[in-house]
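>>> Mind looking at a prediction? Sequence and model below.
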Amino acid sequence: MAGVGVGALLVVAMAVLIGAMTQTSVGLGLGLVSAPFMTIATPSLMPGALIMLAATLPFFTLVREHRDIDWFGLGWAMPWRVVGTVAGVWIITQVTTSNLERIVGVVVLLGVLLTARAVVVPINRGTLGVAGFVSGVTGTATSIGGPPFALLYQHRPPHQIRSTIAVFFTVGAILSLIGLGIAGELTRDEVEAAAVLVPVLAIGVLAGTRLRSRLPLSVMRPALLLISGASAVVLVVRSFF
């Protein structure tokens with residue numbers, strides 16, 4: 001990982017740890033928490049390294065929670081996820097680093113605002129298709145593909161939320177990695193960084209599993225929104241300088 005300092009790597013590791021804890025507890029959070037910090041500290045590793053971690057984390061969830069997966073919803077969302085992935089790959093090949101920082105920041109802020117307002121969106125073929133497409137674009141271009149899909153399922157039972165989103169994250173992240181690889185936008189440094197951060201991811205999952213039964217959602221959600229929103233604002237401001 002040429003050019004990546006120890007300090008920057010420690011910042012990213014802490015963000016991945018907190019993101020993994022949050023996603024294990026509430027169903028999403030790895031991208032929301034980690035992407036802004038990773039884009040600021042180690043822009044050369046984005047988005048490939050974080051997408052690889054996003055593809056790995058759901059396996060920990062699916063080992064324990066796989067009976068309540070909503071296969072109907074996934075069946076309608078996934079084809080549009082493929083279309084969105086193609087659009088996301090195109091964006092990656094066209095934008096500069098500063099523009100990518102703005103995109104990441106804006107996507108995070110939108111996700112935070114929508115999640116904070118707890119907008120009720122009906123789950124049907126149309127909304128599943130839109131969520132799949134938008135998630136494909138943002139997940140490939142910025143590594144943040146969770147909010148569009150998670151919004152649809154936020155009022156479903158917790159086990160179904162976590163398990164369904166886990167499948168969506170895994171398949172979607174793999175599609176994004178394939179697209180980035182074909183376009184030549186996946187580097188060796190990104191692969192090495194993901195491998196180094198997998199143990200941190202596992203620790204975050206273990207801690208999140210314990211916190212899930214002890215830390216009330218009323219406390220964790222505001223904390224997530226505050227951290228994500230603040231980091232996104234910093235990211236957007238930094239992109240202009």
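Looks like it came in fine. Only a predicted model underlies this, so the values are computations on that prediction, with no experimental measurement involved.
>>> Low-confidence stretches in the protein?
Scanning the chain for pLDDT under 70 picks out 1-3, 97, 115, 117-119, 215-221, 224, 241.
>>> what helix or strand is the one residue sitting closest to the centre of it on?
Nearest to the mean C-alpha position of the chain, by Cα atoms, centre = their mean, lies Gly31 at 3.0 Å. Per DSSP states H and E, Gly31 falls inside helix 30-41.
>>> Could you point out the helix or strand that follows that helix?
By DSSP H and E, the next helix or strand past helix 30-41 is helix 48-64.
>>> sec struct for Pro122, please.
Counting by DSSP: H, G, I helix; E, B strand; the rest coil, the backbone at Pro122 sits in coil.
>>> ranges for the helices of the protein?
For the chain, the helices defined by DSSP state H cover 6-26, 30-41, 48-64, 71-94, 97-117, 125-142, 146-153, 158-182, 188-212, 217-239.
>>> which one of the ones you listed is the most hemmed in?
helix 30-41 (a mean of 27; mean count of other Cβ atoms under 10 Å). C-beta here means a position set from N, CA and C on the backbone, and glycine is covered the same way.
>>> Could you export that one as CSV, keeping only the C-alpha atoms?
Listed next in CSV are the C-alpha coordinates belonging to helix 30-41 (Å, rounded to 0.1, in the frame of the first residue of the first chain):
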residue,chain,number,x,y,z
LEU,A,30,-20.2,0.4,7.4
GLY,A,31,-20.3,2.6,4.3
LEU,A,32,-21.9,5.6,6.0
VAL,A,33,-19.3,5.7,8.7
SER,A,34,-16.2,4.5,6.9
ALA,A,35,-16.5,6.1,3.4
PRO,A,36,-16.0,9.7,4.5
PHE,A,37,-13.0,9.0,6.7
MET,A,38,-11.4,6.6,4.1
THR,A,39,-11.9,9.2,1.3
ILE,A,40,-10.2,11.8,3.4
ALA,A,41,-7.4,9.7,4.9
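>>> what's the angle from it to helix 48-64?
Helix 30-41 and helix 48-64 are oriented at 160 degrees to each other (axes from the mean of the first three to the mean of the last three Cα atoms, to 10 degrees).
>>> Now do stretch 105-124: distance to the chain's middle.
When C-alpha coordinates are averaged (Cα atoms, centre = their mean, to the nearest Å), stretch 105-124 and its chain have centres 14 Å apart.
>>> try stretch 8-27
Centroid separation between stretch 8-27 and its chain, computed with Cα atoms, centre = their mean, is 11 Å.
>>> Touching, Ile23 and Leu211? I think so.
Actually, residue 23 is Gln. It isn't Ile. No. Checked against Cβ atoms under 8 Å, the pair Gln23 and Leu211 is beyond contact range at 11.5 Å.
>>> From the chain's centroid, how far away is the helix holding Gly31?
9 Å.
>>> Could you do stretch 131-140 as well?
Offset of stretch 131-140 from its chain centre (Cα atoms, centre = their mean): 11 Å.
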